[in-house]
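Student: Quick one, structure for this:
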Amino acid sequence: MQDLITPTRRPSSSTAARASRRRWLRACAGACLAGPAFIAWAQPTLRLSRLENVPDQAVGAEILAAVYRHADIGVSFVDLPAKRSLLESSEGRVDGEVQRILAVQDQYPTLIAVHPSFNYIEPTVFVSDADVQVDGWKSIASHSVGIVRGVGSSERGTAGMSRVEPVTTMEQLMQSLVAKRFEVAVNDRFSGLLVIRRLKLDRKVRPLSPALEHIPLYHFLHERHRDLVPRVEKALREMQASGELERVQQQAMARMLKDAER
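Tutor: Predicted coordinates:
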């Protein structure tokens, strides 16, 4: 006896094509309804280089984290030594630099400066017991000066001075100042204050005013992200105009100084 089972009917190729097209249209409609959330999900997170063991870079990273949230762009940070950082970012193995001086764009044309400046450093004279009147770099030329090796602003500012002693770290700089290896030390003001608190040297070392220099810092992106620059710049300007940029900076600095006391 023959089986009385009706054979399964397969859809024709045209029917299958129509079903596939309907699924594609539904997916597109869902993406449109999702709006910015879908766009944020689809865009990969940028990896930005942050110089390791440099406090002002940590502040800059916190500011940028807020800026990128405002711009609906994902971001993370990679800690690298200063020279390697520029190599990695300029060759595109990371997506950009947290912050650098504007002149970086002249030496590394693959890095695009994002405007406006969003952070700064202030090279400052620190003393233990020396009596120094500060009025620019030339005012410390007659003193023995300690700096941190590799810090570009300190090396440029003290170029040509006869008694400059480079050390390896900011901690070593402040400890050597207390030990009277040199009369004055030059360090970024915020970073110096942070190190002094960590080492419990508040009563032995103090910063002098005014700062030797005020240096604006800029965020840089690799040229393959050129299309994102206007978007990030828009977020920066909006946050700057509202005062949010300064609030984030001040909160980050205050928290880091408080944590250094522990």
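Student: got the phi/psi numbers for the residue most central in space within the chain?
Tutor: Centroid-nearest residue in the chain, with CA atoms, centre = their mean: residue 98, separated by 2.4 Å. Torsion angles at residue 98 (phi, psi; degrees, to the nearest 10) stand at phi -60, psi -60.
Student: residues of the longest strand seen in the chain that come out buried?
Tutor: The residue-count maximum for a strand in the chain (DSSP state E) belongs to strand 111-121. For strand 111-121, the neighbour count (16 or more other CB atoms under 10 Å) marks 111-114, 117-121 as buried. Backbone N, C-alpha and C define where each C-beta goes, glycine included.
Student: Any chance of the backbone angles for the nearest residue to residue 206 once chain neighbours are set aside?
Tutor: In this structure, residue 206 finds its nearest non-sequential neighbour in residue 127, 6.4 Å apart by CB to CB, 6 or more residues apart in numbering. Per-residue torsions, residue 127: phi -130, psi 160 (degrees, to the nearest 10).
Student: List the beta-bridge partners for residue 127.
Tutor: residue 184, residue 206 (DSSP bridges).
Student: Surely it and residue 182 touch.
Tutor: No: contact criterion CB atoms under 8 Å: residue 127 and residue 182 do not qualify, at 10.1 Å.
Student: of these two, who's got more company?
Tutor: residue 182 (21 against 18; other CB atoms under 10 Å).
Student: Which residues are in contact with the more buried one?
Tutor: Residue 182 sits next to 143-146, 163, 165, 176 when contact means CB atoms under 8 Å, 6 or more residues apart in numbering.
Student: Neighbours of residue 99, how many?
Tutor: What residue 99 shows, counting by other CB under 10 Å, is a neighbour count of 28.
Student: which residues does it contact?
Tutor: 56-57, 60, 64, 118-119, 217-220.
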